[in-house]
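> Take a look and give me a structure for this.
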Amino acid sequence: MPSLNLLADIGGTNARFALSDGTRLFAIQTLPTADYPTLQDAIRAYLQAQGETVAQAAIAIANPVTGDHIQMTNHHWRFSIAAMQHELRLEKLRVINDFTAQALAIPRLTATEKRAVRAGEAVAGTPIAVLGPGTGLGVSGLIPNGDRWIALASEGGHVSFAPRDDAELAIWQYARIQYGHVSAERLINGAGLSLIDSALANAENDVSNRSPAEITAAALAGEARARAVLDHFSAFLATVAADLVLTLGARGGVYLCGGILPRVADYFINQSPFNARFTDKGRFAAYLDAVPVWLVTAENPGLLGAAEALQG
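Numbers count the residues shown, from 1 in each chain. So this is what the prediction gives:
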């Protein structure tokens, strides 16, 4: 019988796979989701490339997991969990939300796999907030339960976006015209960078269709409008992070994950308005000022979390 486990972290853009023997991860590979008609096709391609079979699998996916049927929010893949388990001949298959997996990985991070964004004093035995922008905006949290943690399965990225001033109101109005309801995720993810850029260009009677990569490159090179895009993006994220801390009572700290922030880490930590906006909560400014924030720099936290889920 095969003794290896398959681990997967499925986002809207990339599918990351690894094998595990129960103690370590290896054969890590990233496949573009656009290259495969179904998730099963991507899994088979990965296993065939490794020349391996597996007995168990854990899949972390950027989507609500509320029953047997999965339909991805930011991609066209859909599947039945039970049918996939039968099709791939798995003894065990766990499917969890991708940010539930991110949260499960937090206790396993080493000091070199995170960077301090703001100082504070983590309070032992209190919840931890976990969120971050990538193809979407993932949100989760860790709730202490004795000597273990319970990871929340949340869709908190889809809370309504709340503008704070006239400039942010103009961005919200631009987005509302296109989408109706404007969620936090609509603006705080990769596509959100392009949306904010288009909104700022529109306010100047200009048009912009730049990609997220083009915007971040221009911002780091000093272009004023691109830097404004990143400033708004960081401020919006700070508001959602602070709201999550207050909602969960997350005095254990905030962990920021996802693929975007590590690419602009020095700007985000040293120059962005994140820290000032994070504590800008009136009567609860002091409460938030005590909460530490870290940027997760580990390469594959979703896979680590999937491995944790498979052990549960």
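
> list the buried ones in stretch 208-225?
S208, R210, P212, I215, T216, A218, A219, R225 (16 or more other C-beta atoms under 10 Å). For every residue, glycine as well, the C-beta is placed using N, CA and C.

> actually stretch 123-139, not the one I wrote
Using 16+ other C-beta under 10 Å as the test for burial, stretch 123-139 gives 126-139.

> Let me see the mean pLDDT of that stretch.
Averaged across stretch 123-139, pLDDT comes to 94.

> Straight-line length of that stretch, end to end?
20 Å (C-alpha to C-alpha, to the nearest Å).

> was I right about A250 contacting S140?
No - using C-beta atoms under 8 Å, A250 makes no contact with S140, being 10.9 Å away.

> ok, these two, which is more surrounded?
Applying other C-beta atoms under 10 Å to A250 and S140 shows that S140 carries more neighbours, namely 31 against 24.

> can you pull out the helices in the stretch 1-150 of the chain?
In the stretch 1-150 of the chain, the helices defined using DSSP state H, counting those that start in this stretch lie at 39-50, 81-87, 98-105.

> in the first one, what's buried?
Buried residues in helix 39-50, counting neighbours by 16+ other C-beta under 10 Å, are found at L39, A42, I43, A45, Y46, L47, Q50.

> cool, and the second one?
By neighbour count with 16+ other C-beta under 10 Å, helix 81-87 contains the buried residues I81, M84, Q85.

> quick check: domain ranges of the chain?
For the chain, the TED database gives the domain ranges 5-103+301-311, 114-296.

> End to end on the last one, go ahead and measure it.
According to C-alpha to C-alpha, domain 114-296 extends 4 Å from its N-terminal end residue to its C-terminal end residue.

> do the same with the first one
One end of domain 5-103+301-311 sits 11 Å from the other (C-alpha to C-alpha).

> The chain should start at 11 in everything you say after this.
Fine by me, first position is 11 from now on; the one you just mentioned is domain 15-113+311-321.

> Now do it: distance to the chain's middle.
Centroid displacement of domain 15-113+311-321 relative to its chain, using C-alpha atoms, centre = their mean, to the nearest Å, is 16 Å.

> How is the closest residue to V133 other than its chain neighbours assigned, secondary-structure-wise?
Nearest non-adjacent residue to V133, counting by C-beta to C-beta, 6 or more residues apart in numbering: R261, 4.0 Å away. Assigned state for R261: coil (three-state reduction, DSSP: H, G, I helix; E, B strand; the rest coil).

> Just give the number of residues close to R261.
Each residue near R261 was counted by other C-beta under 10 Å, and the total is 21.

> Let me know whether it touches G135 as I believe.
No - applying C-beta under 8 Å, one finds R261 not in contact with G135, separated by 9.3 Å.
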